[in-house]
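*Asks:* coordinates only, no sequence provided:
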């Protein structure tokens, strides 16, 4: 029954997406532009100055960028449903309440994987060459990161219930998280205090783990840390969002 309810809400969300498929395409435009225009600039800081090395460095960052910009803003639609009373009616129905959140989250992760495959295709056309095993592990890591970001977005939407307030909260944290994750440049070239601060940023481990996998360094310590960290954060944020939904239902 729980699985059936989750699939029903997933089908409903995918149906909404099919009726308006343009926005997910807009969501990948910024990472694609960064990949095309910014990645070649990184050849100057790679050991051999090749585009392949630059793509290994920047493609994982572009994937994390999708998870950050795409799923973090997913909760805005939920605010509108809260205001219109739609979400409250669903929350007091016979449906399994976590399925209301899980259906949306699974849809967001599916879209994230599709967008990630498009980014990887563009990078491959530019000259990126990595193992299939590395690609698979990176996609799993992006799925875990997307789970965290989507759950966080829905929990924040249910807590704030205002688009302007939510936007301000996201914008306040977005820039520091980006800079301290090494998205644009490896954090190793930053001052020592920034390298220390980056250790407390979950996105740092996602970016570093992705780079290690694409470089073939499967034994890098950031890889298991990133998976464990994002899976744990996904459980915590899902619990928060479901509890917030229950409060909405009274």
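*Replies:* Here it is on my side, so go on. No experiment lies behind these values; they were computed from the predicted model shown. Residues are numbered from 1 along each chain as shown.
*Asks:* report pLDDT for residue 223.
*Replies:* Looking at residue 223, its pLDDT is 96.
*Asks:* give me the neighbour count for it.
*Replies:* For residue 223, the number of neighbouring residues by other CB atoms under 10 Å comes to 20. Bear in mind the C-beta positions are built from the backbone N, C-alpha and C, glycine included.
*Asks:* now do the one 3 residues further on
*Replies:* The local packing count at residue 226 equals 25, with neighbours defined by other CB under 10 Å.
*Asks:* element containing it, please.
*Replies:* helix 222-249 (DSSP states H and E).
*Asks:* helices or strands next to that helix in the packing?
*Replies:* Where contact means 3 or more CB pairs under 8 Å, 6 or more residues apart in numbering; DSSP states H and E, helix 222-249 is packed against helix 86-91, helix 97-126, helix 132-160, helix 202-214.
*Asks:* run the chain-centre distance for it.
*Replies:* With CA atoms, centre = their mean, to the nearest Å as the basis, helix 222-249 stands 13 Å off its chain's centre.
*Asks:* do the same with stretch 66-81
*Replies:* The answer for stretch 66-81 is 10 Å, by CA atoms, centre = their mean.
*Asks:* quick revisit: how much does the helix holding residue 226 deviate in direction from helix 97-126?
*Replies:* Put simply, helix 222-249 runs at 140 degrees to helix 97-126, going by axes from the mean of the first three to the mean of the last three CA atoms, to 10 degrees.
*Asks:* got a markdown table for the helices and strands packed on helix 222-249, with mean pLDDT too?
*Replies:* Supplementary listing: the helices and strands packed on helix 222-249 in a markdown table, determined by pLDDT from 0 to 100:
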| stretch | mean pLDDT |
| --- | --- |
| helix 86-91 | 76 |
| helix 97-126 | 89 |
| helix 132-160 | 92 |
| helix 202-214 | 95 |
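*Asks:* now tabulate those helices in JSON lines and tack on mean neighbour count and distance to residue 220.
*Replies:* Converted to JSON lines, these look like this (neighbours: other CB atoms under 10 Å; distance: least, CB to CB, whole Å):
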{"stretch": "helix 86-91", "mean neighbour count": "16", "distance to residue 220": "42"}
{"stretch": "helix 97-126", "mean neighbour count": "20", "distance to residue 220": "20"}
{"stretch": "helix 132-160", "mean neighbour count": "22", "distance to residue 220": "11"}
{"stretch": "helix 202-214", "mean neighbour count": "24", "distance to residue 220": "4"}
